[in-house]
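Enquirer: Structure for this input, please:
(chains A and B)
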2 protein chains.
Amino acid sequence: MPLPHAVNIVEVGPRDGLQNEPGSIDTDVKLELIRRLVEAGLRQVEATAFVSPRWVPQMADHTQVMAGLPSRPGIRFPVLTPNLKGFENAVAAGAREVAVFAAASESFSRNNINCSIAESLERFEPILVQAREREIPVRGYLSCTLGCPYEGDIAPEAVARVARRLHDMGCHQISLGDTVGTGTPLKARRMVEAVAEQVPLANLAAHFHDTYGQALANLFAVLELGIATVDSSVGGLGGCPYARGASGNVATEEVVYMLQGMGIETGVDLRALVDTVHWIHQQLGRPVQSRVARAMAG
Amino acid sequence: MPLPHAVNIVEVGPRDGLQNEPGSIDTDVKLELIRRLVEAGLRQVEATAFVSPRWVPQMADHTQVMAGLPSRPGIRFPVLTPNLKGFENAVAAGAREVAVFAAASESFSRNNINCSIAESLERFEPILVQAREREIPVRGYLSCTLGCPYEGDIAPEAVARVARRLHDMGCHQISLGDTVGTGTPLKARRMVEAVAEQVPLANLAAHFHDTYGQALANLFAVLELGIATVDSSVGGLGGCPYARGASGNVATEEVVYMLQGMGIETGVDLRALVDTVHWIHQQLGRPVQSRVARAMAG
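Expert: Residues are numbered from 1 along each chain as shown, chains lettered A, B, ... in the order given. So this is what the prediction gives:
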């Protein structure tokens, strides 16, 4: 059991979480959320997305968000950049780390980003060329690694092929997403094993959704393989519009609770994080869903 | 990885779940719930408790519940019997399987059942003698195996000692309860390993609470040790009055979802079970909490 001694948590709440919230959220609230997350010890916080405001109005304030980020040594604020224009805007706004987004499922790629997997990779190529020249690390999100809303099961080898392509193109980390949350522990483990044959394990992250309550079990199963980077969202913010049900990303505080209980270092102050969960839910005007945050209320 | 090919689920919703519901529930609703659970494929359903109505008014209708149970070959309906009087009443009412309740924590035992662990075992002794004569199997619940609301951590060896005593006294199965839900996967695994040195693994069941969202991860961790009996509650019904937060027992449908996803046989029709979750929540007038039931709504 090569469980890692420490896990890097990539907090995706301010982007992946808030992007899926129905209402508009003040830039000040976003920045206060990011500040609180950093105060709670999170060292990688996905800050915003440089996408067209026509597609994702929730992220229209990306330039203001970048301008207001806390400046702290060692804290990383990756931003999502779907194309070269977004990448250039992100860099101009001060981004020092970016992320691109591909799918392991052809149907999902076509339905979600209007092109085949191969075309989506071609679209990222100029980003990766530019990023290499400017020494900007690029994360590669890979969605539907444990199931697709259109195709159902996705072969682990198909996931591994796209992950390998992203790695070969220069992505320093591939974030393996269970977008619909239908994965279970053995499937998660088999998928990561297949990908790890093509991409070094140290370059992989687990990005699991809790739509069916399986995320922590799936994470435990892949931590046992040595996965040491986990994406999560404060309070479990952010559903997936392609998956039924209310839950989306696994909640950061539930991940931290599990890791701390296993003696795995995260650098996160759980109490401060839980307070942040309650604070952001007050701002959003909706009840806290995460079990850890409810159990540790008050 | 000796994952079991099949898992026996002990459905505890009608007793452990409804016992912790605030309002009074009609006997007809309880019987309809049990009927639906059996229809969905559950073969062991804890039906009621023969405790004093002064202590647990929710179970005052135990005799009527026993009289109304569906008669189906192969379906087992254990009932909780805290003392010899309860046992005799249960048997008179038709019970063919009973359960007793002990704690791995001295403080919890004193606070919850007003006696030391040793005294609680003495109190069960006559039940076990009578049960052996009548060939009635007795389950032993053991609470606080992964933490105590008063003492915090409980040593795995302390759990193993009480489990061994219950086994030696004649309990055919020891249900290891994470009463406060504070367990995490490695702790769960260490506890079961310690107990399995004293009691054969085949005689152990996992009874985990989801108060901190850890239950499925903990279950996966002990399934990998070979645990093949799991207690759960339809819809996650039943909190624990000693643990903060809204959640209690792990939801049966979330357990079944995970097991089915791993190719482990349960005999349960997940769709019928999820429909039952929505039905019982309508009866209780409160929103469905379980993620599987919400994701599979409609």
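Enquirer: Only C-alpha atoms from now on, for both contacts and neighbour counts.
Expert: Fine.
Enquirer: can you list the weak-confidence ranges in chain A?
Expert: Per-residue confidence for chain A (pLDDT under 70) gives these ranges: A:1, A:239-247, A:298.
Enquirer: mind redoing it with 80?
Expert: A:1, A:22-23, A:239-247, A:298 (pLDDT under 80).
Enquirer: how about the residues of it near chain B?
Expert: A:183-187, A:210-214, A:216-218, A:220, A:243-247, A:254, A:257-258, A:261-262, A:290-292, A:294-297 (CA under 8 Å from any CA of the partner chain).
Enquirer: to the chain's geometric centre, what's the distance from the helix or strand harbouring A:Glu32?
Expert: Taking DSSP states H and E as the criterion, A:Glu32 maps to helix A:27-39. Centroid separation for helix A:27-39 versus its chain: 17 Å, with CA atoms, centre = their mean, to the nearest Å.
Enquirer: List the neighbours of that helix that are in contact with it.
Expert: A:14, A:45, A:47, A:61, A:64-65, A:68-70, A:75, A:272-273, A:276, A:280, A:283 (CA atoms under 8 Å, 6 or more residues apart in numbering or on different chains).
Enquirer: how far does stretch A:226-239 sit from the chain's center?
Expert: 6 Å.
Enquirer: Could I get the buried residue list for that stretch?
Expert: A:226-239 (16 or more other CA atoms under 10 Å in any protein chain shown).
Enquirer: Give me the spatial nearest neighbour of A:Asp210, chain neighbours excluded.
Expert: Among residues not flanking A:Asp210 along the chain, A:Val250 sits closest, at 5.0 Å (CA to CA, 6 or more residues apart in numbering or on different chains).
Enquirer: re earlier: buried only: go through the contacts of helix A:27-39 for me.
Expert: A:14, A:45, A:47, A:61, A:65, A:68-69, A:273, A:276, A:280.
Enquirer: Return the member of these nearest to chain B.
Expert: A:Leu273 (14.5 Å; CA to the nearest CA).
Enquirer: Pretty sure the closest one sits against A:Ala40.
Expert: Yes - the pair A:Leu273 / A:Ala40 is scored as a contact, 5.6 Å apart, by CA atoms under 8 Å.
Enquirer: Which two among the buried ones among the contacts of helix A:27-39 are spaced furthest apart?
Expert: A:Asp61 and A:Leu273 (24.6 Å; CA to CA).
Enquirer: Let me see the contact set for A:Pro78.
Expert: A:44-48, A:95-99.
Enquirer: Now do the phi/psi pair for A:Glu11.
Expert: phi -80, psi 120 (degrees, to the nearest 10).
Enquirer: Residues in a beta bridge with it, which ones?
Expert: A:Val45, A:Ser232 (DSSP bridges).
Enquirer: So A:Leu237 versus chain B, what's the distance?
Expert: 14 Å (CA to the nearest CA, to the nearest Å).
Enquirer: mind checking the SS state of the residue nearest to that residue when sequence neighbours are not counted?
Expert: The shortest distance from A:Leu237 to any non-neighbouring residue, by CA to CA, 6+ apart, is to A:Gly17 (4.5 Å). On the three-state scheme (DSSP: H, G, I helix; E, B strand; the rest coil), A:Gly17 is labelled helix.
Enquirer: Hmm, A:Gly17 is touching A:Gly235, no?
Expert: No - using CA under 8 Å, A:Gly17 is not in contact with A:Gly235, being 9.1 Å away.
Enquirer: So which of the buried ones among the contacts of helix A:27-39 belong to helices?
Expert: Using DSSP state H, A:65, A:68, A:273, A:276, A:280 are the members of the buried ones among the contacts of helix A:27-39 that sit in helices.
Enquirer: CA atoms only: put the helix holding A:Glu32 into CSV for me.
Expert: C-alpha atoms of helix A:27-39 as CSV (Å, rounded to 0.1, in the frame of the first residue of the first chain):
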residue,chain,number,x,y,z
THR,A,27,-16.2,39.7,-7.8
ASP,A,28,-15.6,40.7,-4.2
VAL,A,29,-17.2,37.5,-2.9
LYS,A,30,-15.1,35.5,-5.3
LEU,A,31,-11.9,37.2,-4.1
GLU,A,32,-12.9,36.9,-0.5
LEU,A,33,-13.5,33.2,-1.0
ILE,A,34,-10.1,32.8,-2.6
ARG,A,35,-8.4,34.7,0.2
ARG,A,36,-10.1,32.6,2.8
LEU,A,37,-9.1,29.4,1.0
VAL,A,38,-5.5,30.5,0.9
GLU,A,39,-5.7,31.4,4.6
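Enquirer: Of all the residues in the lengthiest helix in chain A, which ones are buried?
Expert: In chain A, assigned by DSSP H, the helix with the most residues is helix A:117-133. Buried residues in helix A:117-133, counted by 16+ other CA under 10 Å: A:117, A:120-121, A:123-125, A:127-128, A:131.
Enquirer: Noted, bye for now.
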